[in-house]
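1. Need a 3D model of the sequence below.
(one chain, ligands or ions: 1)
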Amino acid sequence: MFYKDYQTARNAVWKLLIDLKIGALPVRVSEVSRALGIEVRTIEELAPAQHRQNLAGRNTIDGGARLVAGQPVILYNALNTPARCRFTIAHELGHFILGHVERAPDLAIQTPVLFRRGGVPESPVETAANVFAARLLAPACVLWGLGVKDARHLARVCDISREAAAYRMERMRLLYRRDREFLKNRGYSCFLLARQEQQVYEQFRPFIERERL
Ligand SMILES: [Zn+2]
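-> Down below sits the predicted model:
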């Protein structure tokens, strides 16, 4: 399987979860990368000069997505916590799957702006990669099925940082509000309306039933 198949898919994350038969959280980003033929290496291994900067705390970088001799490679900063590394790798997967790397191969290394301090405006490409990562690691219909209501629970079940979980929880609160409006005004939920989302939910159903609060 190769990641290029997903670039035209409307709902790349749902398709990915279905094709890889993922039915439990936390999603294993190394297994997803392997299944897509994308190599995952540390910045220390592939970009030692950047690693020295990361160690010194100067212009630190979380990860990157690049083609090395035509082969897709994800780099990540292994100095970060495992939860943050997972988000970085998911973010870089997003850059490949959404076709950003082919369009700008010299883009090389980018920092997930979600974690950047100081209110730097986020580029559309970075936003898209962050949305991809959040949906892959914390699929909304699964969180809904599990009854996840706060960032602490979300962080634990998805194995992501509290910071990323708080950000995702904001989105979930909007979806829950929308769901209440749907139920009140239309008599049905706003979740599981898309066929692919139903399929994802079915794959996760045994996990949801086991883990539900
Ligand atoms: Zn990025």
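
2. Now do stretch 154-164, average pLDDT.
-> Stretch 154-164 carries an average pLDDT of 96.

3. Dump that stretch to PDB, restricted to CA.
-> Provided in PDB are the C-alpha atoms of stretch 154-164 (Å, rounded to 0.1, in the frame of the first residue of the first chain):
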ATOM      1  CA  LEU A 154      -9.000  12.300  25.800                       C
ATOM      2  CA  ALA A 155      -5.200  12.600  26.400                       C
ATOM      3  CA  ARG A 156      -5.200   9.200  28.200                       C
ATOM      4  CA  VAL A 157      -7.300   7.200  25.700                       C
ATOM      5  CA  CYS A 158      -5.500   8.700  22.600                       C
ATOM      6  CA  ASP A 159      -2.000   8.900  24.100                       C
ATOM      7  CA  ILE A 160      -1.500  12.500  23.100                       C
ATOM      8  CA  SER A 161      -0.200  15.500  25.100                       C
ATOM      9  CA  ARG A 162      -2.600  17.400  27.400                       C
ATOM     10  CA  GLU A 163      -2.000  20.400  25.100                       C
ATOM     11  CA  ALA A 164      -3.100  18.600  22.000                       C
END
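
4. After the lengthiest helix in the chain, which helix or strand is next?
-> For the chain, the longest helix by residue count, based on DSSP state H, is helix 162-185. Once the chain leaves helix 162-185, the next helix or strand it forms, by DSSP states H and E, is helix 195-211.

5. Okay, buried residues for that following helix please.
-> Within helix 195-211, the residues scored as buried using 16 or more other C-beta atoms under 10 Å are Glu197, Val200, Tyr201, Gln203, Phe204, Phe207, Ile208, Glu211. Using the backbone N, CA and C atoms, a C-beta is placed for each residue, glycine as well.
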